[in-house]
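Undergrad: A structural model of the following input is requested.
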Amino acid sequence: MAPDRAVEALKWAADVAVGEALLSEVPERPVAAEWRAVPLEVFREHMDRVLTSKHPEPGLDAVEAVGCLDVWIPEVAAMVGFGDNEWRHKDVWKHTKQVVKQSVPRLEVRWGALLHDIGKPKTRRIDERGNVTFYGHAEVGAAMFRKRVAERLGFEGFERERVHFLILHHLRAAQYEEDWTDAAVRRFYKQMEDGLRDLLDLSRADITTKRPEKRRRGVQQISLLAKRIRELKDEDDRVAPLPKGLGTHIMKAFDIPPSKRLGDLMKRLTADAEAGLVAPQQPPSHYIDYLNQHRDTYDL
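TA: Purely as a prediction, here's the structure:
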């Protein structure tokens with residue numbers, strides 16, 4: 001079956017997203033066979049345009065209204081109306097559109113925002129008190145993406161890995177507490193590697209509560225995490241003035257046991273290196289010679 005009507009409907013949805021068409025002027029809904037006949041590159045061209053636009057929410061409503069999601073991304077279609085009223089949980093589709101809107105318009109981040117909660121319909125549980133939980137939805141969603149969604153939507157290489165990464169880890173930054181140790185923060189940012197910036201941007205966008213104070217706290221926590229990461233990375237990136245293991249060489253050369261005296265000597269030697277009195281990051285023998293030349297200064 002020819003895809004012409006479906007392509008026109010998809011183009012209309014993209015035009016809605018950029019403000020060049022009205023959402024109220026919904027074209028005739030193509031049938032599933034027409035949607036399946038749309039070439040992948042055409043689908044991605046218009047869908048990418050919707051997601052990176054200034055008005056992705058009406059654009060996504062338009063994509064849903066013409067039946068595109070049912071065929072191309074049924075995992076997202078499953079979120080439409082999901083959780084609303086029945087269990088007093090916010091509509092996941094409404095939340096998802098808001099996250100897309102609030103996220104930075106980088107393509108991988110916007111796709112991550114659209115797909116970050118696709119695991120929720122499969123993981124919703126209701127406890128005896130009527131509380132709704134979605135335990136493990138990030139892991140389930142990431143597995144769904146890797147097994148089915150990525151290939152269907154034409155994700156490859158970096159794009160595929162980054163979107164999978166964002167779905168899998170989208171809750172991590174929001175778990176930050178100020179009592180995390182420096183070691184814990186270092187583990188976090190090293191695990192996130194070069195995806196950290198995109199993850200923090202998605203985490204900020206994922207805060208959609210209508211309660212101003214709760215939103216403020218959430219955004220502040222992520223900002224505090226980002227600040228601690230910057231500070232620790234700056235600290236880690238600074239080159240130490242003295243080589244590792246120098247203290248052991250000094251103990252052997254001058255018969256000094258582990259002690260406060262050794263610690264004070266190393267502090268003074270570090271200060272001299274930072275002041276430029278002795279060259280930094282030289283072989284241990286360089287510093288042994290330097291200390292021999294300045295025995296009186298160092299009380300050796």
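Undergrad: what comes into contact with stretch 255-274?
TA: Identification of contacts with stretch 255-274 by C-beta atoms under 8 Å, 6 or more residues apart in numbering yields 241-242, 246-247, 250-251, 278-280, 287, 290-291, 298. All C-beta spots, glycine's among them, are computed from the backbone N, C-alpha and C.
Undergrad: I'd guessed Leu202 sits against Val109; true?
TA: Yes: the pair Leu202 / Val109 is scored as a contact, 5.7 Å apart, by C-beta atoms under 8 Å.
Undergrad: residues shared between the contacts of those two?
TA: In contact with both Leu202 and Val109: Ser103, Leu166, using C-beta under 8 Å, 6+ apart.
Undergrad: the two - which one has more neighbours?
TA: Leu202 (27 against 23; other C-beta atoms under 10 Å).
Undergrad: which ones are touching the more buried one?
TA: Residues in contact with Leu202 (C-beta under 8 Å, 6+ apart) are Val99, Ser103, Val109, Gly112, Ala113, His116, Leu166, His170.
Undergrad: show me how far whatever helix or strand Leu262 lives in is from its chain's centre.
TA: For Leu262, the host element (DSSP states H and E) is helix 260-274. On the basis of C-alpha atoms, centre = their mean, to the nearest Å, helix 260-274 sits 41 Å off its chain's mean C-alpha point.
Undergrad: now that helix: average pLDDT?
TA: For helix 260-274, mean pLDDT is 90.
Undergrad: what's the farthest-apart pair in the contacts of stretch 255-274?
TA: Maximum pairwise distance in the contacts of stretch 255-274, criterion C-beta to C-beta, is 21.6 Å, between Met251 and Ala279.
Undergrad: okay, these two: which has more neighbours?
TA: Applying other C-beta under 10 Å to Met251 and Ala279 shows that Met251 carries more neighbours, namely 15 against 11.
Undergrad: just the pLDDT for that one.
TA: Looking at Met251, the pLDDT reads 94.
Undergrad: again with Val239
TA: pLDDT, Val239: 74.
Undergrad: that one should be in a helix, yeah?
TA: No: per DSSP: H, G, I helix; E, B strand; the rest coil, Val239 lies outside any helix segment and is coil.
Undergrad: ok, now which ones touch it?
TA: Contact partners of Val239, counting by C-beta under 8 Å, 6+ apart, are Pro280, Gln281.
Undergrad: how close does it sit to Glu159?
TA: 35 Å (C-beta to C-beta, to the nearest Å).
Undergrad: and what of Phe134?
TA: Distance, Phe134 to Glu159, using C-beta to C-beta: 26 Å.
Undergrad: who has more neighbours out of the two?
TA: Taking other C-beta under 10 Å, Phe134 and Glu159 do not tie; Phe134 has more neighbours (20 against 15).
Undergrad: the helices in the stretch 101-250 of the chain, which residues?
TA: Using DSSP state H, counting those that start in this stretch, the helices found in the stretch 101-250 of the chain span residues 107-115, 120-123, 137-144, 150-152, 157-169, 182-192, 196-205, 212-237, 246-254.
Undergrad: most tightly packed of the ones you listed?
TA: Of the helices of the stretch 101-250 of the chain, the one with the most neighbours on average (mean count of other C-beta atoms under 10 Å) is helix 107-115, at a mean of 24.
Undergrad: and it, what does it pack onto?
TA: Identification of packing neighbours for helix 107-115 by 3 or more C-beta pairs under 8 Å, 6 or more residues apart in numbering; DSSP states H and E yields helix 40-51, helix 74-77, helix 92-102, helix 157-169, helix 196-205.
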